[in-house]
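**Q** Just need the structure, nothing else, for what follows:
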Amino acid sequence: MKYVLKRMLNCLYVFIFIGAISCQSRPGFVIEGSIDFPRNGNILVITPNASDTFAKAPIIDGKFKITGSVDSITEAALIYEGAKMGSFPFFLENSENTFYAKLYTKDSIHENQVIGGGVQNIAALFRKKSVEYNRYQLDPVIAAISRANQYADYQAMDTLREKYYKIIKLADDCEDSLLHVYNDTYVAAYLINLKFKGEPQLLRQKSEILGPNAWNTTYGRAIKKTLEQYKGLDRGQQIPDFTVVSAEGDSISLRRIPGKIKLINFWASWSRASAQENLVLSELYEKYHSKGLVIIGITTDVSKERWLNALQYQNLPWLQFANFANVDSILNTFVIASLPTNYLLDSENRIIGRNIKGEMLQKELHARLK
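**A** From the prediction side, this is the model:
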């Protein structure tokens, strides 16, 4: 019996020793690179929102070498210390392979690149194609449309718009092809979550291509969670209730606001698209409010002062509310990935549709409030 126990202890010691060695030899990351300006100073590896710094290294005559480690695949960015803008985002992971970076801060910023690591190499392929279509094909067409508009050359504008949408279609087809090739990767889950989170039908459709490894990533799990949330936000479901606060400080339950047809509009003072949408809603409100349309603006601002200033500047006549203490909860509950986002409800707070806008919204209101 003693012999058996001794053998077990020896095995345990060996296991602990090997585990300790493996922890010590666990690879971190190495990034070697160059930057056109400044030639000296420091380079930082930061989170995209600059809330944390992973690593720091000196720039010597335009060259740098950064070492460090991360717990898992991480969204990061390279930026020289002291700069407020101009960071270059990439996917960082611990790897035995060296990352290589080329950073241009002056004339060739679109040539910036980071390669190395399995995830970032795939992401670099997607970025290369995106730059080819957006920078080298779309930008000249957009500039030409602007010139044609300046000279009121409407025939040229029509031709250029047609060319513009053809390029957009080619870019989307190219991205779809790459997604199918790399469907079982972290990058595929990341891109689908990024582009289609706010569109339930497209999110369901696009995520069908994902393989098991992609579903098991951070963004694969996020897509699963979002799709589950959308089940409670389908047409015919009662909208989740929550308490909102008026500019005067009065609290009210969303469901208790009466109206034959209710349009909940999530917006923010900083969003130009929200301001443009508010102009459209002003016309609809004037036309249909007397027939039973109630518009409920819910800000996603975190600054009460900016919200109140926007209300005064935009002179919005419909109900306006906020819930500064629970902004993140509202964003998550209603799966708000972009602004503005709206929900159209009937008098019983059942969802008629999400993000119904423009002509579709006009038709829906006309049919229900004629």
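**Q** So which residues of the chain form helices?
**A** Counting by DSSP state H, one finds helices in the chain at the ranges 2-24, 118-133, 139-150, 154-181, 186-196, 200-207, 212-215, 218-231, 272-288, 304-314, 327-333, 358-369.
**Q** Turn these into TSV, columns for distance to I351, mean pLDDT and mean neighbour count.
**A** (Glycine included, C-beta is placed from N, CA and C.) Converted to TSV, the helices of the chain look like this (distance: least, CB to CB, whole Å; pLDDT from 0 to 100; neighbours: other CB atoms under 10 Å):
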stretch	distance to I351	mean pLDDT	mean neighbour count
helix 2-24	51	42	9
helix 118-133	34	94	17
helix 139-150	36	92	14
helix 154-181	28	94	14
helix 186-196	19	96	21
helix 200-207	11	95	16
helix 212-215	27	98	15
helix 218-231	11	96	16
helix 272-288	18	95	15
helix 304-314	26	93	15
helix 327-333	13	91	14
helix 358-369	12	94	13
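**Q** need those in TSV with distance to V294, can you?
**A** Compiled in TSV, the helices of the chain are given as follows (distance: least, CB to CB, whole Å):
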stretch	distance to V294
helix 2-24	60
helix 118-133	42
helix 139-150	38
helix 154-181	36
helix 186-196	30
helix 200-207	24
helix 212-215	41
helix 218-231	24
helix 272-288	9
helix 304-314	17
helix 327-333	19
helix 358-369	11
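**Q** closest to T53 out of these?
**A** Among the helices of the chain, helix 118-133 comes nearest to T53, with 18.9 Å by CB to CB.
**Q** now what about that closest one, what contacts it?
**A** For helix 118-133, contacts defined as CB atoms under 8 Å, 6 or more residues apart in numbering pick out 73, 90-93, 95, 99, 110, 113-115, 167, 170-171, 174-175, 178, 182, 185-187, 190-191.
**Q** then stretch 127-143 to PDB, C-alphas only?
**A** This file holds the C-alpha atoms of stretch 127-143, laid out as PDB (Å, rounded to 0.1, in the frame of the first residue of the first chain):
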ATOM      1  CA  ARG A 127      -9.000  44.100 -45.100                       C
ATOM      2  CA  LYS A 128      -6.900  43.900 -48.300                       C
ATOM      3  CA  LYS A 129     -10.000  43.200 -50.400                       C
ATOM      4  CA  SER A 130     -11.900  45.900 -48.500                       C
ATOM      5  CA  VAL A 131      -9.200  48.500 -49.300                       C
ATOM      6  CA  GLU A 132      -9.100  47.500 -52.900                       C
ATOM      7  CA  TYR A 133     -12.800  48.100 -53.400                       C
ATOM      8  CA  ASN A 134     -13.400  51.000 -51.100                       C
ATOM      9  CA  ARG A 135     -10.200  53.000 -51.400                       C
ATOM     10  CA  TYR A 136      -9.200  52.300 -55.000                       C
ATOM     11  CA  GLN A 137     -12.600  51.800 -56.700                       C
ATOM     12  CA  LEU A 138     -15.400  53.500 -54.700                       C
ATOM     13  CA  ASP A 139     -13.500  56.700 -53.600                       C
ATOM     14  CA  PRO A 140     -13.000  57.900 -57.200                       C
ATOM     15  CA  VAL A 141     -16.600  57.300 -58.000                       C
ATOM     16  CA  ILE A 142     -17.800  59.100 -54.900                       C
ATOM     17  CA  ALA A 143     -15.600  62.100 -55.900                       C
END
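**Q** how many other residues sit next to P48?
**A** 12 (other CB atoms under 10 Å).
**Q** quick one, what contacts K206?
**A** K206 sits in contact with L179, I192, K195, F196, where contact means CB under 8 Å, 6+ apart.
**Q** go with 7 Å
**A** Contact analysis of K206 by CB atoms under 7 Å, 6 or more residues apart in numbering lists I192, F196.
**Q** cool, and G117?
**A** Contacts of G117 (CB under 7 Å, 6+ apart): F91, E93, S95, N97, F99.
**Q** Next, the contact list for the second one, please.
**A** Applying CB under 7 Å, 6+ apart, we find E93 in contact with F29, V70, I73, G117, V119.
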